[in-house]
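>>> Sequence first, predicted coordinates after that:
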Amino acid sequence: MMPLNLHEYEAAARERLTPTAYDYFAGGAGDEVTLRANRASFDRLALRPRVLVDVSRRSMKCDVLGADAAMPILVAPMAFQRLAHADGELAVARAAGAAHTVMVLSSLATTPMEEVVVAARPSRVWFQLYVFKDRGATRALVRRAELAGCTALVVTVDAPFLGRRERDVRNRFSLPDGVHISNLAGFGKDELPREAEGSGLAAYFEKQLDVAFTWKDLAWLRETTRLPVVVKGVLRADDARDAVAAGCQGIVVSNHGGRQLDGAVAAIDALPEVVAAVGGKVQVYLDGGIRRGTDVLKALALGANATLLGRPVLWGLAADGEDGAKRAIDLLAAELDLAMALCGCRSLAEIRRDLVVRAP
Ligand SMILES: Cc1cc2nc3c(=O)[nH]c(=O)nc-3n(C[C@H](O)[C@H](O)[C@H](O)COP(=O)(O)O)c2cc1C
């Protein structure tokens, strides 16, 4: 039976994936408290719908860093998409393109970025950057993203080390033969170590990523590229102000889907202070736990310009390739459209703060 919602896509995907791949996609760090909190906090917010508004015409068109998207739902950067389906990032790019939205492509993609940019039509691919100790490789990656036609850089700042994801430790997570970190091949960084013990991805991070990277270095990065820079992984007002001061054009409020610091605040609970701190100077996006159209509406009511969708895209991809990824996005968009109608909102601008209240 065709999945009716994103939860059902997860169940369908689980049947198709190896347990190791499913655990890698689904899991979080530590006790997975933050992973659960991302969802639970959405459920604690209640909606206060407005009635008797003429909702015969509605639009969820949205401006993200100057690009027009058909919906305030972008595809979050996620590594190793070929573990979900042979078409991997290409299928997700086609799905995002067909949905007229942005795909954020992970540094740890398993497909060359030039092919992904071509597959996404109309092409709105942002490149997610991990900062490597090897600054030369980092600079080359940025330059390559520019030349490939990526239109923004999303610098992930919540992962100097990998969170301890115990499922991956137990499974000794690594990449199967034939799956590589494609865009780092030129630098000898395209394989995960096959550790005797533990997660190969955690070992890769420890060896390769720059743990000394600071706001000052971010300003350096800003100067090395003409692309707008978005920082991903901010959960506090002071960090949000630092991001604005460093010249960033966007902030993703995120705890990495509960995969980094377990016990970190739920993303939706951190959103209001970040929105207040930036005071409209830059765009603010949110990810973590979005599974229903009403979740998107709540995030927008609390001040997000758009949201990013993570795991459900992989569930769609694993269940049915490009069509599944596209349908997962479409289901969420249809739910948002209905939620807007039922809340008396005809446009994203009408999704205001007073629509949401904390449930007693
Ligand atoms: C399998 C997987 C791989 C991920 N890989 C990356 C990555 O390479 N870079 C990054 O910035 N975030 C990565 N993330 C985090 C997502 O971009 C996003 O923050 C998170 O998944 C959103 O939460 P959700 O899955 O609950 O929607 C990954 C998440 C998952 C589930």
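Sure thing, it's come through. Numbers count the residues shown, from 1 in each chain.

>>> Alongside the ligand, which residues does the stretch 101-250 of the chain contribute?
Contact residues (Cβ under 6 Å from any ligand atom) of the stretch 101-250 of the chain with the ligand: 106, 108, 128, 156, 232. For the C-beta atoms, the positions are set from N, CA and C on the backbone; glycine is no exception.

>>> try it again with 5 Å
106, 108, 128, 156 (Cβ under 5 Å from any ligand atom).

>>> What residues of the host helix or strand of Tyr9 count as buried?
Here Tyr9 sits within helix 6-16, counting by DSSP states H and E. Going by neighbour count (16 or more other Cβ atoms under 10 Å), the buried part of helix 6-16 is 6, 9-10, 12-14.

>>> How about residues contacting it?
When contacts are defined by Cβ atoms under 8 Å, 6 or more residues apart in numbering, helix 6-16 is touched by residues 3, 22, 25-26, 84, 291-292, 311-312, 314-320, 324, 327-328, 331-332.

>>> what's the spacing between the closest residue to the ligand within the stretch 151-300 of the chain and Ser347?
In the stretch 151-300 of the chain, no residue comes nearer to the ligand than Gly257, which is 2.9 Å away by Cβ to the nearest ligand atom. Using Cβ to Cβ, to the nearest Å, Gly257 is found at 29 Å from Ser347.

>>> More neighbours: these two, which one.
Higher neighbour count among Gly257 and Ser347: Gly257, with 24 against 13, using other Cβ atoms under 10 Å.

>>> what pLDDT does that one get?
As predicted, Gly257 sits at a pLDDT of 98.

>>> ok, now the one 3 residues further on?
Gln260 carries a pLDDT score of 98 in this model.

>>> cool, and Met1?
According to the prediction, Met1 has pLDDT 82.

>>> same check, this time on Glu197
With respect to pLDDT, Glu197 scores 83.

>>> Can you tell me the closest non-neighbouring residue to it?
Nearest non-adjacent residue to Glu197, counting by Cβ to Cβ, 6 or more residues apart in numbering: Arg172, 7.2 Å away.

>>> That neighbour: what's it in contact with?
Contacts for Arg172 (Cβ under 8 Å, 6+ apart) come out as 194-195, 197-200.

>>> Let's see stretch 84-97 as CSV, backbone CA atoms only.
Extracted in CSV, the C-alpha atoms of stretch 84-97 (Å, rounded to 0.1, in the frame of the first residue of the first chain):
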residue,chain,number,x,y,z
ALA,A,84,19.3,4.3,0.6
HIS,A,85,19.0,3.7,-3.1
ALA,A,86,21.4,3.1,-6.1
ASP,A,87,20.3,6.5,-7.6
GLY,A,88,21.2,8.3,-4.3
GLU,A,89,21.7,12.0,-4.5
LEU,A,90,20.7,12.1,-8.2
ALA,A,91,17.2,10.8,-7.3
VAL,A,92,16.9,13.4,-4.5
ALA,A,93,18.1,16.2,-6.7
ARG,A,94,15.5,15.3,-9.4
ALA,A,95,12.8,15.1,-6.7
ALA,A,96,13.7,18.5,-5.2
GLY,A,97,13.9,20.0,-8.7
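
>>> Not counting its own residues, what contacts that stretch?
With Cβ under 8 Å, 6+ apart, stretch 84-97 has contacts from 13, 17, 21, 25, 74-75, 80-82, 102-103, 105, 109-111, 115-117, 119-125, 313-314, 316-318, 321-323, 325-326, 329.

>>> Is any residue of that stretch near the ligand?
No. Between stretch 84-97 and the ligand, judged by Cβ under 5 Å from any ligand atom, nothing touches; the nearest distance is 8.5 Å.

>>> what distance separates that stretch from the centre of its chain?
15 Å (Cα atoms, centre = their mean, to the nearest Å).

>>> in the longest helix along the chain, what's buried?
Among the segments of the chain that qualify as a helix by DSSP state H, the longest is helix 311-342. Of all the residues in helix 311-342, those buried under the rule 16+ other Cβ under 10 Å are 311-322, 324-333, 335-337, 339-340, 342.

>>> Show the contacting residues for the closest residue to Ser199 other than its chain neighbours.
Leaving aside its sequence neighbours, Ser199 sits nearest to Asp168 (Cβ to Cβ, 6+ apart; 4.0 Å). By Cβ under 8 Å, 6+ apart, Asp168 lies in contact with 23-24, 27, 199, 201-202.
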